[in-house]
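In: no sequence for this one, just the structure:
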């Protein structure tokens with residue numbers, strides 16, 4: 001009797017469970033720094049250190065995608081920057097931002113605020129403003145290699161060795177892989193904030209921009225997201241207050257610094 005071959009597993013989901021009756025592996029938060037303290041204690045320490053100053057998006061550490069096709073992250077630590085092959089942690093909030101600069105980013109250097117920006121990727125504020133879905137600036141124009149309005153996915157991520165979230169900005173070149181990862185998690189019934197995600201890096205080469213005049217065959221880095229494990233219910237409840245605080249503080253805010261990184265990397 002012939003044996004039936006197993007269906008191929010999509011590359012973006014190579015670490016996800018594939019059998020319908022095989023649950024995702026659970027992971028406890030013991031290896032997470034946040035598990036060693038009560039979230040209320042983190043808030044108390046923050047209040048003491050900030051001395052009444054309001055925490056803003058600019059205060060969170062940002063981990064940038066390396067330039068020139070690098071395949072190692074530079075992670076900020078108290079002892080100084082350290083290289084890392086991958087970043088692992090829980091994404092507390094994945095937020096779509098958009099930003100449009102009427103003067104080309106290459107000309108202005110991005111020092112000025114965008115002419116139009118969106119904190120949710122759906123509605124822009126500024127010139128031209130309005131619906132992002134219906135805006136021609138969010139679509140590819142004939143001969144262009146990228147839309148005039150840049151889209152980025154801003155991740156507020158709680159790493160295993162940190163009590164505070166960091167910011168990772170995914171440029172347009174990494175959005176396809178992120179969307180596929182989200183589809184894989186959805187297929188397994190897993191919310192992105194209920195799993196440990198691993199962000200690796202891979203290299204690719206650019207195609208020439210016909211209208212922008214940018215040369216092709218330029219080496220750059222792309223983010224490769226992957227599934228590590230599923231949080232158990234108790235640990236999910238443990239980090240819930242921190243996730244709620246991140247959403248309340250940053251969920252409706254355009255992260256301008258992160259979008260400058262997105263624009264530079266697009």
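Out: Everything's here; your move. This is a predicted model, so every value here is computed, not measured. Numbering: from 1, shown residues only.
In: going forward, measure contacts and count neighbours with C-alpha atoms only.
Out: Fine.
In: so what does the residue lying closest to residue 95 once chain neighbours are set aside look like in phi/psi?
Out: Spatially, and ignoring its direct neighbours in sequence, residue 95 is nearest to residue 154 (5.0 Å; C-alpha to C-alpha, 6 or more residues apart in numbering). Backbone torsions of residue 154, given as degrees, to the nearest 10, read phi -100, psi 120.
In: what of residue 118?
Out: Backbone torsions for residue 118, taken as degrees, to the nearest 10, come to phi -140, psi 130.
In: what is the burial count for the spatially closest residue to it that is not a sequence neighbour?
Out: Using C-alpha to C-alpha, 6+ apart and skipping the chain neighbours, the partner closest in space to residue 118 is residue 124 (4.4 Å). Residues near residue 124, counting by other C-alpha atoms under 10 Å, number 23.
In: quick check: the residue nearest to residue 95 vs residue 83, distance?
Out: For residue 154, the distance to residue 83 equals 21 Å [C-alpha to C-alpha, to the nearest Å].
In: go on, residue 178?
Out: From residue 178 to residue 83 the distance is 22 Å (C-alpha to C-alpha).
In: pick out whichever of residue 154 and residue 83 has more residues nearby.
Out: For residue 154 versus residue 83, neighbours defined as other C-alpha under 10 Å are more numerous around residue 154 (23 against 11).
In: ok, the more buried one - contacts?
Out: When contacts are counted by C-alpha atoms under 8 Å, 6 or more residues apart in numbering, residue 154 touches 93, 94, 95, 96, 97, 167, 168, 169, 170, 255, 258.
In: what's the helix or strand containing the fifth one in contact with?
Out: So that's residue 97. Using DSSP states H and E, residue 97 falls within strand 87-100. With C-alpha under 8 Å, 6+ apart as the test, strand 87-100 has contacts from 73, 114-121, 124, 148-160, 192-200, 242-243, 246-247, 251, 254-255, 259.
In: what are the ranges of the helices in the protein?
Out: Along the chain, counting by DSSP state H, helices occupy 39-50, 105-108, 172-187, 233-250, 256-265.
In: counting contacts, what elements does the fourth one pack onto?
Out: Using 3 or more C-alpha pairs under 8 Å, 6 or more residues apart in numbering; DSSP states H and E as the contact criterion, the secondary-structure elements in contact with helix 233-250 are helix 39-50, strand 87-100.
In: partner strands of the longest one, with direction?
Out: If I follow you right, that is strand 87-100. Using DSSP bridges, strand 87-100 pairs in its sheet with strand 116-118 (antiparallel), strand 150-159 (antiparallel), strand 195-205 (antiparallel).
In: now distance to residue 182 and mean pLDDT too, for those strands, in a markdown table please.
Out: A markdown table is the format used below for those (distance: least, C-alpha to C-alpha, whole Å; pLDDT from 0 to 100):
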| stretch | distance to residue 182 | mean pLDDT |
| --- | --- | --- |
| strand 116-118 | 21 | 91 |
| strand 150-159 | 12 | 92 |
| strand 195-205 | 11 | 93 |
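In: which one of the ones you listed lies nearest to residue 138?
Out: Closest to residue 138 of the strands paired with strand 87-100, according to C-alpha to C-alpha: strand 150-159, at 7.2 Å.
In: distance from the closest one to the middle of the chain?
Out: 3 Å (C-alpha atoms, centre = their mean, to the nearest Å).
In: what residues does stretch 240-255 touch?
Out: 39, 56-57, 92-93, 95, 97, 117-120, 154, 156.
In: who's in contact with the residue nearest the centre of the chain?
Out: When C-alpha atoms, centre = their mean is applied to the chain, the residue found nearest the centroid is residue 155 (3.3 Å). Listed by C-alpha under 8 Å, 6+ apart, the contact partners of residue 155 are 91, 92, 93, 94, 95, 166, 167, 168, 169, 170.
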